[in-house]
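Student: how would this look folded up:
(one chain, ligands or ions: 1)
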Amino acid sequence: MRNKRAWFAAVLGLGMLFALEGRAADAAQKPPAKTRVLVVTGGHPFEKDPFFKLFKDNPDITYQAVEHPNAHALLTAEAARQYDVIVTYDFNQKITAQAQADFVARLKEGKGLVVLHHAIAAYPAWPEYWNIIGAHYYLAATNINGVAKPRSGWKDGVKFRIHVPDPKHPVTLGMQDFDTLDETYKWFDVADDCHPLLTTEEPESNKVIAWAKTYKGARVVLIQSGHDHVAYENPGFQQILRQAIRWTAKR
Ligand SMILES: [Zn+2]
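Tutor: Below is the predicted model:
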């Protein structure tokens, strides 16, 4: 009787062990229920509470925030297991060769990238960054392959209408033209392989102000809007940001 009980306990124990291992294997294979976002800031002041509210209020995601100079440490393969999409809102940073290689490697692996507002000029001395995001914003007048480029412009507090040229694209799905009050940028270049998502006829702005593209294994969206809480609180901005995170996460 005692032996029988011991045998039964052993079988039960083994069964539980297999069940637990099976569950662990399932968890490793299934993607997490929510998209995990890394939010990168630094180099430019911004209104922190209303900005991070955009991420707190997004039911599709969990997020962690990091500020330069700590951001590049999270681009290693090991650290990147913690997130699916990088949202950048940083500005005018230096980047080492190692961090450049890590950044590109993560995109090659398929991490999503959403670039917001002043992050269009996050790495002014890194030419590959312009290929990644599909734009070149000039912080100073310069010369590119013999072509003189004036310094790019910006204007705060512009009230203007934003047009949605492709409301069938997953990033702008269901969106309609909307009004905004935001900072505009102009005299920056947008690459030909960018699919326009938002445009405007406002003379103080570039015509194309949001786009989607791919870079190696990654989906990339740039949204020029997003200067302050007035922009953050615009439902159109909130919708395109939510849908950009979802699309770049390949969900
Ligand atoms: Zn701004």
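Student: what residue in the stretch 151-251 of the chain comes nearest to the ion?
Tutor: Closest to the ion within the stretch 151-251 of the chain is His227: 3.6 Å, counting by C-beta to the ion. For the C-beta atoms, the positions are set from N, CA and C on the backbone; glycine is no exception.
Student: for that residue, which three-state class applies?
Tutor: coil (DSSP: H, G, I helix; E, B strand; the rest coil).
Student: ditto for Phe52
Tutor: helix.
Student: tell me the buried residues in stretch 105-112?
Tutor: Within stretch 105-112, the residues that count as buried by 16 or more other C-beta atoms under 10 Å are Ala105, Arg106, Leu107, Lys111, Gly112.
Student: the residue nearest to Gly112 when sequence neighbours are not counted: neighbour count?
Tutor: In space, and not counting its chain neighbours, Gly112 is closest to Thr248: 2.7 Å by C-beta to C-beta, 6 or more residues apart in numbering. Neighbour count for Thr248, taken as other C-beta atoms under 10 Å: 27.
Student: pretty sure the residue of the stretch 151-251 of the chain closest to the ion contacts Glu183?
Tutor: Yes. Using C-beta atoms under 8 Å, His227 makes contact with Glu183 at a distance of 3.7 Å.
Student: overlap in contacts of those two?
Tutor: His117, Asp156 (C-beta atoms under 8 Å, 6 or more residues apart in numbering).
Student: more crowded one of the two?
Tutor: Set His227 next to Glu183 and count neighbours by other C-beta under 10 Å: His227 wins out with 23 against 20.
Student: check contacts around that one.
Tutor: Contacts of His227 (C-beta under 8 Å, 6+ apart): His117, Asp156, Asp182, Glu183.
Student: again, but for Thr248
Tutor: Contacts of Thr248 (C-beta under 8 Å, 6+ apart): Val85, Gly112, Leu113, Val114, Ala218, Arg219, Val220, Val221.
Student: how does it look with 7 Å?
Tutor: Val85, Gly112, Leu113, Val114, Arg219, Val220, Val221 (C-beta atoms under 7 Å, 6 or more residues apart in numbering).
Student: may I ask which of these has the most neighbours?
Tutor: Busiest of the contacts of Thr248 [other C-beta under 10 Å] is Val221, holding 28 neighbours.
Student: quick check: closest non-adjacent residue to that residue.
Tutor: Ala244 (4.0 Å).
Student: I'd guess that neighbour is in a helix, am I close?
Tutor: Yes. Ala244: assigned to a helix according to three-state DSSP.
Student: adjust the sequence numbering to begin at 16 for everything that follows.
Tutor: Let's use 16 as the start, then, which means that last one is Ala259.
Student: please name the residues that touch it.
Tutor: Residues near Ala259 by C-beta under 7 Å, 6+ apart: Val129, Val186, Val236, Ile238.
Student: Asp171 contacts Glu198, doesn't it?
Tutor: Yes. Asp171 lies in contact with Glu198 (C-beta atoms under 7 Å); the separation is 4.6 Å.
Student: show me where the stretch 116-265 of the chain has its strands.
Tutor: Taking DSSP state E, counting those that start in this stretch to define them, one finds strands in the stretch 116-265 of the chain at 127-131, 150-151, 157-159, 162-164, 168-177, 193-201, 204-205, 210-214, 223-230, 233-238.
Student: near the ion, which residues of the stretch 66-215 of the chain?
Tutor: Neighbours of the ion within the stretch 66-215 of the chain, by C-beta under 5 Å from the ion: Glu198.
Student: so what's the backbone phi/psi at Thr215?
Tutor: The phi/psi pair for Thr215 (degrees, to the nearest 10) reads phi -150, psi 150.
Student: and the protein, what are its domains?
Tutor: Taking automatic domain parsing as the domain assignment, the ranges for the chain are 16-45, 49-263.
Student: same list (those) but as TSV, adding mean pLDDT.
Tutor: Output for the domains of the chain, formatted as TSV (pLDDT from 0 to 100):
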stretch	mean pLDDT
domain 16-45	54
domain 49-263	98
